[in-house]
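Q: show me the folded form of this:
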Amino acid sequence: MLLLFFLRRNLRRNPSGHSKGNKSLFPPAGYPPLCALQRLLRFIKILQISGKYCKYPFKAVKLFLRTPFSGSPWSSSQRFCPCFFSSVPPVLIRKVKKALLGRVVMGKRLILVTDDRFGSYAEEEAVLSEVNAEIHVVKNWESCCMPDLLRQAEGVFTNLFNLNSQIIRQLENCKVISRYGVGYDNVDVEAATRKGIWVARVPDYCVEEIATHTLSLLLSCARQLPLYRKSVREGAWGKGEPLPVCDRLQEKVLGIIGFGHAGKGFLKKAMSIGFRKILVNDPYVDEEQIVEAGGIPVPFTELLSEADCLCLHVPLTRDTYHLISENEINRMKNGVIVINTSRGPVIDQAAFVSGLNSGKIGWAGLDVFEKEPLSADDPLMQCPNTVLTPHVGYLSRQSLSELKTKAAQNILRVLKGERPLYPVNSPL
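A: Down below sits the predicted model:
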């Protein structure tokens, strides 16, 4: 239909070389005439451009047809764009880009989503409607419109995408980067600070979920549920080879490393189990807070040597990278249970697999891994004394809604000239 529309407009050309009522399809007097085929190919190119930038090509075509010629668009200054069949005049590229980004530039404030993990952004749109913002989900980072989007964006949502310094340098108008989640190791905070951009996160959206998931992994390991499940499925039902026998948790010592939101939430749930004692290590938390919550503050090395069950709740920083490595594993009790729902690189995975295979580590419940997703041939897959989940400790309908709302509130506050809810840096 669009091609017929073009041909109809093309046939209305008058003898002087101009189209009646529209001087954008044909060059003015003094320019070399273009044959109908050339004009048709150029029209198709515009449609291609529209498909690259926006789902509303009619807007691009309409503006293209109204664009007057200026300068010498057919001169040797034409620019080659690899996305199209041949060279396209820069003036047309600029006009079409502006049209196709029109939903953003027409009074809207552009907010980018670097990686789409949710599909729907109703919560974000509801929050940001107060500042007339438009959310644009990046589908293709190789698209030739990305420089324009990065230049216009006033805010950025990011999930697992690596927001490095090279990308941050292109954020000319950005005021805030809001990370969906607790950690922010995938964002170059120093580069953002130098650029004057706030970095924010959401540290408290899934405290209940993480605590419940940690306890679930701990109980599964302590009761050795994977082995019992295997026995039932194979029809053994305890016949032949004897089933493994577990110990009471009430006689065990629980160790918690990291006492932030997740660590505190887990301790509350763990109190109901009746552990003999609960040891806690966190050099950044006052010991009185640990005691008031029901834990016993101890040094890191003492916790490693005394704990029968060890749960990690620390962020990933330079200090916590490979916090649990070969030396720390050697300090642990034989048959220790290790649970990690924080960050995968906190554990040296190669040394950890060796500990599992040797029996030094009795069981492990892991929701996070050094490299995600975990490959099918990863050595961890061959360890029968593990309970593995695909980084879902945070997940529930309620936690997702809270995460999306609070991440949007971080951006809203900055666009209104305030501090974000949960700042990571101080760029001002």
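
Q: regarding the nearest residue to residue 361 once chain neighbours are set aside, what is its secondary structure?
A: Using CB to CB, 6 or more residues apart in numbering and skipping the chain neighbours, the partner closest in space to residue 361 is residue 355 (4.1 Å). All C-beta atoms are positioned from the backbone trio N, CA, C, and that covers glycine. Secondary structure, DSSP: H, G, I helix; E, B strand; the rest coil: residue 355 is helix.

Q: quick check: residue 355 touching residue 362?
A: No: judged on CB atoms under 8 Å, residue 355 makes no contact with residue 362 at a distance of 9.6 Å.

Q: that older thread, and the residue nearest to residue 361, how far from residue 183?
A: To residue 183, residue 355 is 25 Å away according to CB to CB, to the nearest Å.

Q: so who does the most centrally placed residue in the chain touch?
A: Nearest residue to the geometric centre of the chain (CA atoms, centre = their mean): residue 159, 1.2 Å. By CB atoms under 8 Å, 6 or more residues apart in numbering, the residues touching residue 159 are 114, 115, 117, 179, 180, 181.

Q: and it, how far from residue 403?
A: The value you get for residue 159 to residue 403, if CB to CB is used, is 10 Å.

Q: now residue 228
A: 35 Å.

Q: the more surrounded of the two?
A: residue 403 (22 against 15; other CB atoms under 10 Å).

Q: ranges for the strands of the chain?
A: For the chain, applying DSSP state E gives strands covering 109-113, 133-137, 155-158, 176-179, 198-200, 253-257, 277-281, 296-297, 309-312, 336-340, 361-366, 386-388.

Q: could I get those as a markdown table with distance to residue 287, mean neighbour count and mean pLDDT?
A: Listed next are those as a markdown table, based on distance: least, CB to CB, whole Å; neighbours: other CB atoms under 10 Å; pLDDT from 0 to 100:
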| stretch | distance to residue 287 | mean neighbour count | mean pLDDT |
| --- | --- | --- | --- |
| strand 109-113 | 42 | 23 | 96 |
| strand 133-137 | 44 | 18 | 95 |
| strand 155-158 | 36 | 26 | 98 |
| strand 176-179 | 30 | 28 | 98 |
| strand 198-200 | 30 | 26 | 98 |
| strand 253-257 | 14 | 25 | 98 |
| strand 277-281 | 9 | 22 | 98 |
| strand 296-297 | 4 | 18 | 98 |
| strand 309-312 | 19 | 26 | 98 |
| strand 336-340 | 23 | 25 | 98 |
| strand 361-366 | 28 | 24 | 98 |
| strand 386-388 | 32 | 19 | 98 |
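
Q: pretty sure residue 401 contacts residue 121?
A: No: counting by CB under 8 Å, residue 401 stays clear of residue 121, with 11.7 Å between them.

Q: those two: which has the busier surroundings?
A: residue 121 (18 against 13).

Q: leaving out chain neighbours, which residue sits closest to the more buried one?
A: In space, residue 121 is closest to residue 135, 5.2 Å off (CB to CB, 6+ apart).

Q: for that neighbour, which residues make a bridge with it?
A: Beta-bridge pairing for residue 135 (DSSP bridges): residue 111.

Q: from residue 387, how far off is it?
A: Distance from residue 135 to residue 387, by CB to CB: 37 Å.

Q: what do you get for residue 260?
A: Residue 260 is 23 Å from residue 387, by CB to CB.

Q: so where's the stretch 101-250 of the chain shaky on pLDDT?
A: The model of the stretch 101-250 of the chain has pLDDT under 70 over residues 101-107.

Q: show me where it has helices.
A: 102-105, 122-128, 146-152, 165-168, 189-195, 207-222, 225-233 (DSSP state H, counting those that start in this stretch).

Q: then the stretch 251-400 of the chain?
A: Using DSSP H, counting those that start in this stretch, helices in the stretch 251-400 of the chain cover 261-270, 287-293, 300-306, 326-331, 349-358, 397-415.

Q: mind putting these in CSV, distance to residue 243 and mean pLDDT included?
A: Listed next are the helices of the stretch 251-400 of the chain as CSV, based on distance: least, CB to CB, whole Å; pLDDT from 0 to 100:
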stretch, distance to residue 243, mean pLDDT
helix 261-270, 26, 97
helix 287-293, 37, 97
helix 300-306, 29, 98
helix 326-331, 27, 98
helix 349-358, 20, 98
helix 397-415, 36, 98
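
Q: figure out which of these is closest to residue 148.
A: Among the helices of the stretch 251-400 of the chain, the nearest to residue 148 by CB to CB is helix 397-415 (19.9 Å).
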